[in-house]
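Undergrad: Any chance you can model this:
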Amino acid sequence: MGGGQSHQPDWEAIRRAQEQADAQARAAAEAARKKAERAAQAARAEAERLRREAEAARRRFEAEQAEAARRAQAARDEAERQRREIEKAEQAARAAREAAEARAREERQRAEQLAREAEEERHRQRAAEEAARQAAIAAQQEHERQQRAREEENRRLQAEREAAERAAQVAAEQARQAQAAREAAETQLRDGTRPVVTPTPEEYSAFRAKIQHTAGFFHVAISGVAGSGKSSLVNALRGKHNMDLDAAAVGVNETTLVVARYPDPNPSNRFVWYDVPGAGTLKVPDWKYFNDQGLFVFDCIIVVVNNRFTATDVALLSNARRFGIPAFIVRSKADQHIRNLMKDIGYNSDDEGGNKASYFARARDQYVAETTRSIKTNLQEAKLPDQPVYLVSNVALQGAVTGKVPKKMLDEAKLLTDLASTAQRCA
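TA: Next up is the predicted model:
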């Protein structure tokens, strides 16, 4: 350093260089800004172009969709039109086919009719030919017949004379029988027995209405002489005791003066029981009994017999047979009769050492044998077919009806079974 000049910075040059650098930087920045603006503008223009293109594409797509929908609708409309045309064509074809079939049927029927008429014409021609042939034969036969008629006339006259003689004999016999019948009828009327009379249709209708005859039910009349135990039997058949409120009235004297109707208490039993007034009383004479009580309208008749078989019992069975009505012969109060027989053969209820069971068995067997024999004999004498007699105890019968089967039974179960079978056959 000793004597040389010192080196100082050229600040002016530095400043100018700095200014120049700043100017260049500004120019570069401005150029960059303009370039960026141009790029942004170009980008915006490109974006706008793309937007317009997208919008145009959307409108084209919507237009294409609308066109496709229109074409699809047009296709559907065309398909529907074709379907309707096909249906019309099928209907027309079906109508044509049916018309053709109808015409074919008509033609076939006309052909068949013509064939029948032709066949009938052939039959008529053959019949005419046969008639002509028969006429010729008939003419020949008529000639022969007239010849035979002349020969038979004498025989006929002879036969007429013989027939007249026989007719005179028959008329005489009929007159004799008529006179006998009149005498028999007069005898019956004098004896208090009315001749058999067939009820009229009006009487049938009136009595059916009177007893309330109902379809589907079996109507049973309990009949017999007065005091034979009809009302008690009605109660037993219905499973009732004599003292029940809805039981038939019973008593020593005849208590039933009109036919009393008693439906069976069990709804499943289609029976209706009728307590019929007893025959042989002053109020109901024997000769008025069967017809006047309308017994001919019942489905079944039970004839209750007493100690002996009477003419009334015979009349009841005969009329039931005449009208085709099933009839049962029943003798009730069997327990009372057996007790009486036990006493007759020596049983004493006060004797504690007595064999009651043995006496009961003997009395029962005797009662059954005597009653059966008596009824059989009376049926034979009345010229009626043999039929069983049902020996029943009202107590045992009432128990059997209500399901309380008693130890000592006679024909109670058989009577109920046979009644049910008869009702089933008549249903």
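
Undergrad: quick check: longest strand of the chain.
TA: strand 218-224 (DSSP state E).

Undergrad: Let me see the residues that make contact with that one.
TA: Among residues not part of strand 218-224, those counted as contacts by Cβ atoms under 8 Å, 6 or more residues apart in numbering are 211, 213, 230, 233-234, 237, 259, 270-276, 278-279, 289, 293, 295, 297-306, 312-313, 316, 419, 422-423, 426-427. The way it works is simple: take the backbone N, C-alpha and C, and place the C-beta from them, glycine included.

Undergrad: Regarding residue 325, what are the backbone dihedral angles?
TA: Backbone torsions of residue 325, given as degrees, to the nearest 10, read phi -100, psi 130.

Undergrad: Settle this for me: it is touching residue 301, isn't it.
TA: Yes: between residue 325 and residue 301 there is a contact under Cβ atoms under 8 Å: 5.6 Å.

Undergrad: more crowded one of these two?
TA: residue 301 (25 against 17; other Cβ atoms under 10 Å).

Undergrad: Next up, the contacts around that one.
TA: By Cβ under 8 Å, 6+ apart, the neighbours of residue 301 are 220-221, 223, 295, 316, 320, 325-328.

Undergrad: one more time with 7 Å
TA: If you count contacts by Cβ atoms under 7 Å, 6 or more residues apart in numbering, residue 301 has them with 221, 223, 295, 316, 320, 325, 327.

Undergrad: I'd assumed it was in a strand, is it?
TA: Yes: assessed with DSSP: H, G, I helix; E, B strand; the rest coil, residue 301 lies in a strand.

Undergrad: Just list whatever residues bridge to it.
TA: Under DSSP bridges, the beta-bridge partners of residue 301 are residue 221, residue 327.

Undergrad: ok, it to residue 35 distance?
TA: 140 Å (Cβ to Cβ, to the nearest Å).

Undergrad: can you check residue 123 too?
TA: Relative to residue 35, and taking Cβ to Cβ, residue 123 is found at 127 Å.

Undergrad: got it, and residue 204?
TA: Distance from residue 204 to residue 35, by Cβ to Cβ: 136 Å.

Undergrad: Which one's more surrounded, these two?
TA: Between residue 204 and residue 35, counted using other Cβ under 10 Å, the more crowded position is residue 204 (14 against 10).

Undergrad: So that one is in contact with residue 294, correct?
TA: No: between residue 204 and residue 294 there is no contact under Cβ atoms under 7 Å: 8.6 Å.

Undergrad: what's the overlap in contacts for these two?
TA: The contact lists of residue 204 and residue 294 share no entry, where a contact means Cβ under 7 Å, 6+ apart.

Undergrad: before we move on, the earlier item: among the contacts of strand 218-224, which are in helices?
TA: Taking DSSP state H as the definition of helices, those contribute 230, 233-234, 237, 289, 312-313, 316, 419, 422-423, 426.

Undergrad: if we can go back for a sec, tell me how far the longest strand of the chain lies from the chain's centre.
TA: 27 Å (Cα atoms, centre = their mean, to the nearest Å).

Undergrad: Got the confidence number for the nearest residue to residue 299 once chain neighbours are set aside?
TA: Excluding its sequence neighbours, the residue lying closest to residue 299 (Cβ to Cβ, 6 or more residues apart in numbering) is residue 219, at 4.7 Å. On the pLDDT scale, residue 219 is placed at 95.
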